[in-house]
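J.: got a predicted structure plus its sequence, pasted below:
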Amino acid sequence: MTCEDVRRSIPLVHYGETSFDEEEAVHAHLGGCEACRAEFERERAIHRLLDERELDVSPFLLRRSRDELAGRIAAERERSSNSWWAGLRHAFETTTWAPAVVKPMGALALIAMGFLAARTPIGSTIGGFQSAGLVDPANARVRYVEPGPGGKVQLVVDETRQRVISGELNDARIQTLLVMAAKDPSDPGLRVESVEILKNRTESDDVRNTLVAVLQHDANDGVRLKALEGLKPYSSQPDVRKALAQVLLSDKNPGLRTQAIDLLTQNSNEEHVVGVLQELMNREQNGYIRLRCEKALRQMKASVDTY
């Protein structure tokens, strides 16, 4: 094998894409060629580094790359279509031997094909960065969520096709998509990211109601914790206090229940809160939760023995 042959084969050897005889020939050449051996070792070091490092590629980068590829394919198709169209039209226009009846028929055919071409969208499956105003939340499904600088949010959204949406967090349609994502039962990671963003916009009734529903019903501890964090400034509101009482009585996560105790007893001596704490003292199996309930009742100057 020549040096050129060996250098072309080196990547294939590293990927295991050569036959046994080809690999043997490469190694035989490397034994007597210092330059090719150095090239082989250089590529092997690169492969080792790549194997050691797992790259975390953003879904938005993947989406953008696919869109660019689709765009170039569509542009090439359009060029090919235009070239074919121009050639066909030229053939009809320059044909002098055709009978008089052929040209009118050809003209009609060209008109028909032009109509069909106009009705067929080129690159109709191509996604891209769109404003939220072009999205119908009722027909969309959010796949990924990523906060951006300056209060912006990017979302990968499936409609009839998938595309990336970018907009301000105070945009009503962006909030609607995030609310949808926060309730998506199939993807807890998506729900965590969505609630993490939404918890900074709890002045909206829709957002706050969503966080209350998530706190009460989401199966994932991390999602419920994010919702609880967002609801802390509203712990005095009746619907939030009702949700906190439910967390305290029935949630399986001790950390969430402990935070619920703190929020419920903060500057409050409400009778129903005392009742909830006393009920827990009566039936709670977790020693730490019982201790926190007892401490809270004593701070509220309520009996720990009345159930």
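T.: Nice, thanks for sending it over.
J.: now the strands for the stretch 101-250 of the chain?
T.: Secondary structure of the stretch 101-250 of the chain, counting by DSSP state E, counting those that start in this stretch: strands at 129-131, 141-147, 152-158, 162-168.
J.: by mean pLDDT, show me the worst of those strands.
T.: Mean pLDDT is lowest for strand 129-131 among these, at a mean of 46.
J.: ok so, going back, closest one to residue 22 among the strands of the stretch 101-250 of the chain?
T.: Of all the strands of the stretch 101-250 of the chain, it is strand 162-168 that lies closest to residue 22, at 41.8 Å by C-beta to C-beta. Placement of C-beta: from N, CA and C, glycine included.
J.: where does the chain dip in pLDDT?
T.: Scanning the chain for pLDDT under 70 picks out the ranges 51-64, 66-67, 78, 80-139, 159-163, 267-269, 305-307.
J.: domain assignment for it?
T.: 3-52, 59-119, 127-229, 235-307 (automatic domain parsing).
J.: hang on, the earlier thing: got the strands of the stretch 101-250 of the chain as a markdown table, with mean neighbour count and distance to residue 206 columns?
T.: Output for these, formatted as a markdown table (neighbours: other C-beta atoms under 10 Å; distance: least, C-beta to C-beta, whole Å):
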| stretch | mean neighbour count | distance to residue 206 |
| --- | --- | --- |
| strand 129-131 | 14 | 20 |
| strand 141-147 | 19 | 16 |
| strand 152-158 | 20 | 16 |
| strand 162-168 | 20 | 16 |
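J.: what's the closest of these to residue 216?
T.: strand 141-147 (21.5 Å).
J.: give the pairing partners of the closest one; include direction for each.
T.: Using DSSP bridges, strand 141-147 pairs in its sheet with strand 152-158 (antiparallel).
J.: ok, and what's touching stretch 199-214?
T.: 169-170, 175-176, 179, 182-183, 191, 195, 198, 223-224, 226-227, 229-231, 233-234, 239-240, 243 (C-beta atoms under 8 Å, 6 or more residues apart in numbering).
J.: what subset of these is buried?
T.: Buried by 16 or more other C-beta atoms under 10 Å: 169, 175-176, 179, 182, 191, 195, 198, 223-224, 226-227, 229-231, 234, 240, 243, out of those.
J.: follow-up on the earlier one: just name the most buried of the domains of the chain.
T.: Comparing the domains of the chain by mean neighbour count (mean count of other C-beta atoms under 10 Å), domain 127-229 ranks first with a mean of 18.
J.: just to revisit the earlier point, let me have the strands of the stretch 101-250 of the chain in TSV, extended by distance to residue 297.
T.: As requested, those are exported to TSV (distance: least, C-beta to C-beta, whole Å):
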stretch	distance to residue 297
strand 129-131	54
strand 141-147	41
strand 152-158	43
strand 162-168	46
